[in-house]
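In: Could you work out the structure for the sequence below:
(2 chains, ligands or ions: 1)
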Amino acid sequence: MENRLYKRDIISIADFDRKDLELVLETAAQLKNSPRPDLLQGKVIASCFFEASTRTRLSFETAVQRLGGTLIGFSDAGNTSAKKGETLADSVNIISSYTDAFVMRHPQEGSARLASEFSSVPVINGGDGSNQHPTQTLLDLFSIRECQGKLDGLKVAFVGDLKYGRTVHSLAQALCHFGAEFTFIAPKALAMPDYILEELDEKGIKYRFSDSIEETAPQVDIIYMTRVQKERFDETEYKHIASKYILDVESLKDAKENLKVLHPLPRVDEIAVEVDKTPYAYYFQQAENGVYARQALLALVLNEVV
Amino acid sequence: MRKKLQVEAICQGTVIDHIPAGQGIKILDRLRLLDSNASITVGFNLPSKDQGHKDIIKVTSRKFTEQEANQLALFAPSATINVIDNYEVVDKFKMALPESLQGAFTCPNSNCITHNEPVDTHFYLREHNGDVRLKCKYCEKSFSKDIVAEL
Ligand SMILES: [Zn+2]
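Out: Model (predicted):
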């Protein structure tokens, strides 16, 4: 496959077309099968977390080391010059000059796009505020492809907080390239935003709404769970709605045989622990896949031929 | 004759005609026309053949920059710009909505990185159900033009 991602910045899932996505997923599958500790040999990668996110950082840093690269960077902005008022533009300008790629997470929306304009090396976005987290979407897609053996024409249900969940928005947008059909299960106050629904309409993507996981499970290939945060409701209201958006073994009794349950993790109580032992649970494999998806991106961005 | 009086001749400059009534004052403000040295004549709520009422702005000895014309297209897409030289209309053009606008507005998203960094804001424009939507290149949030322009 032609490497279309060589030297590219990885900022937003909206920058990816179907071929780009397929290239990353295929490369991730190859790297999962046969490790390549040579691909980042001699490369120094900056891992700059202006906002702490332990899991994302560890996943990125593992990916770099598995490919034979070395790391510099920081895990939160506490002791950096950003704290002293330096602009992000200046920080990126300087740090990128030491390195071969710049992995970053930052609490403000648009920070990664801005960084890419001041960096001398490719920037990989590990999350910019509430905006984008493209590597999460890539690992979600990779996990779906892996557990279903394909990506085209799948039926996917999203459950929980569909309003504020950027992972849900990005994944739905990415799945549009593969002609998915969606079911949305969410409390009214946390429904999928109109602008996403408009996008789906424009692309001719079919979707429906439901308020029952149990009724949806027999019809879909993937259930993508997210957490309904208590803080968004008053206590009685929360008690009333929360049980509807909890996945337990009972709600999967008529599920399709190939159904898999995904979750970006960490979970709190929205997936009952008893589900972990069923063949439907796939969220731990999904978390592991984060390393392969990130390896694929790093390998492709930094090597003309992988 | 009556028409001539409404658009009283200026020797050199720009006439913005067919501004929807009520938008004229916004345009004066937004383009900071009163801050310049140019002399300005305005007409508000003038009768108009096709619009019912319209506003008109005449600016002497001043040519519009492309960015000003672009902003104008956002507020008054139906307006026309007449460039006058020696009392003659030498150029007349309708507004076209630009594909993007740089440095003209601040981003309404208070957590957008553009607020504390050395970059111009940058919006992509798109018409949607009769409204103009502006999408920030950086934070990727979309806003209706009224929200962006009121800031
Ligand atoms: Zn913005």
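
In: So which bits of chain B are right by the ion?
Out: For chain B, the residues in contact with the ion (CB under 5 Å from the ion) are B:107, B:109, B:112, B:136, B:138-139. No exception for glycine: its C-beta is placed from N, CA and C like everyone else's.

In: Rebuild the residues you listed as JSON lines, extending it with secondary structure, distance to residue B:149 and neighbour count.
Out: Formatted as JSON lines, those follow (DSSP: H, G, I helix; E, B strand; the rest coil; distance: CB to CB, whole Å; neighbours: other CB atoms under 10 Å in any protein chain shown):
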{"residue": "B:107", "secondary structure": "coil", "distance to residue B:149": "12", "neighbour count": "24"}
{"residue": "B:109", "secondary structure": "coil", "distance to residue B:149": "15", "neighbour count": "21"}
{"residue": "B:112", "secondary structure": "strand", "distance to residue B:149": "16", "neighbour count": "24"}
{"residue": "B:136", "secondary structure": "strand", "distance to residue B:149": "14", "neighbour count": "25"}
{"residue": "B:138", "secondary structure": "coil", "distance to residue B:149": "18", "neighbour count": "27"}
{"residue": "B:139", "secondary structure": "coil", "distance to residue B:149": "18", "neighbour count": "26"}
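
In: Now do the strands in chain B.
Out: B:12-20, B:40-48, B:52-60, B:80-85, B:88-94, B:100-102, B:122-128, B:131-136, B:142-144 (DSSP state E).

In: need the longest helix for chain B.
Out: Secondary structure of chain B read by DSSP state H shows that its longest helix is helix B:66-75.

In: in that one, what counts as buried?
Out: Of all the residues in helix B:66-75, those buried under the rule 16 or more other CB atoms under 10 Å in any protein chain shown are B:68-75.

In: returning to what we had before: the strands of chain B: lowest mean pLDDT?
Out: Least confident of the strands of chain B, judged by mean pLDDT, is strand B:88-94 with a mean of 82.

In: Okay, helices next: where are they in the stretch 151-300 of chain A?
Out: In the stretch 151-300 of chain A, the helices defined using DSSP state H, counting those that start in this stretch lie at A:166-175, A:194-202, A:213-216, A:235-242, A:283-302.

In: Looking at the ones you listed, which is nearest to residue B:101?
Out: helix A:194-202 (19.7 Å; CB to CB).

In: For that closest one, which helices and strands make contact with it?
Out: helix A:166-175 (3 or more CB pairs under 8 Å, 6 or more residues apart in numbering or on different chains; DSSP states H and E).

In: one more time with 10 Å, if that's ok
Out: helix A:166-175, strand A:181-185, strand A:207-209, strand B:122-128 (3 or more CB pairs under 10 Å, 6 or more residues apart in numbering or on different chains; DSSP states H and E).

In: what's the closest of the ones you listed to residue A:76?
Out: helix A:166-175 (20.5 Å).

In: Residue 134: how many residues sit nearby?
Out: Looking at chain A here, since you left the chain open. 25 (other CB atoms under 10 Å in any protein chain shown).

In: wait, I meant chain B there
Out: 25.

In: Quick check, it in contact with residue B:148.
Out: Yes. Residue B:134 is within contact range of residue B:148, at 5.0 Å (criterion: CB atoms under 10 Å).

In: which residues do these two both contact?
Out: B:74, B:101, B:104-105, B:107-108, B:121, B:123, B:125, B:142 (CB atoms under 10 Å, 6 or more residues apart in numbering or on different chains).

In: Excluding residues flanking it in the chain, which one is nearest whichever residue of the stretch 101-250 of chain A sits closest to the ion?
Out: Closest to the ion within the stretch 101-250 of chain A is residue A:110: 5.2 Å, counting by CB to the ion. By the measure of CB to CB, 6 or more residues apart in numbering or on different chains, the closest residue to residue A:110 outside its immediate chain neighbours is residue B:138, 2.8 Å from it.

In: dump the residue contacts of the one you found.
Out: A:11, A:108-114, A:117, A:128, A:131, B:107, B:109, B:112-115, B:117, B:119, B:121-123.

In: Can you tell me which of the helices and strands packed on helix A:194-202 has the worst average pLDDT?
Out: Among these, strand B:122-128 scores lowest, with a mean of 90.

In: Mind exporting the C-alpha coordinates of that one to PDB?
Out: Output in PDB follows, covering the C-alpha atoms of strand B:122-128 (Å, rounded to 0.1, in the frame of the first residue of the first chain):
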ATOM      1  CA  HIS B 122      -9.600  31.400  10.600                       C
ATOM      2  CA  PHE B 123     -13.100  30.300   9.700                       C
ATOM      3  CA  TYR B 124     -14.400  28.200   6.900                       C
ATOM      4  CA  LEU B 125     -17.800  29.400   5.600                       C
ATOM      5  CA  ARG B 126     -20.700  27.300   4.500                       C
ATOM      6  CA  GLU B 127     -24.300  28.000   3.700                       C
ATOM      7  CA  HIS B 128     -26.700  25.700   5.600                       C
END
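
In: Okay, buried residues for it please.
Out: B:122-123, B:125.

In: circling back: list just the nearest of the shared contacts of residue B:134 and residue B:148 to chain A.
Out: residue B:142 (6.2 Å; CB to the nearest CB).

In: which ones are touching the closest residue to the closest one other than its chain neighbours?
Out: Ranked by CB to CB, 6+ apart and with sequence neighbours excluded, the top spatial neighbour of residue B:142 is residue B:135, at 4.6 Å. Listed by CB under 10 Å, 6+ apart, the contact set of residue B:135 reads A:195, B:100, B:122-126, B:141-143.

In: measure the closest residue to chain A within chain B to residue A:82 for me?
Out: Residue nearest to chain A within chain B (CB to the nearest CB): residue B:138, separated by 2.8 Å. With distances taken as CB to CB, to the nearest Å, residue B:138 is found 17 Å from residue A:82.

In: Chain A contacts on chain B?
Out: B:107, B:109-119, B:121-122, B:128-129, B:133, B:135-142 (CB under 10 Å from any CB of the partner chain).
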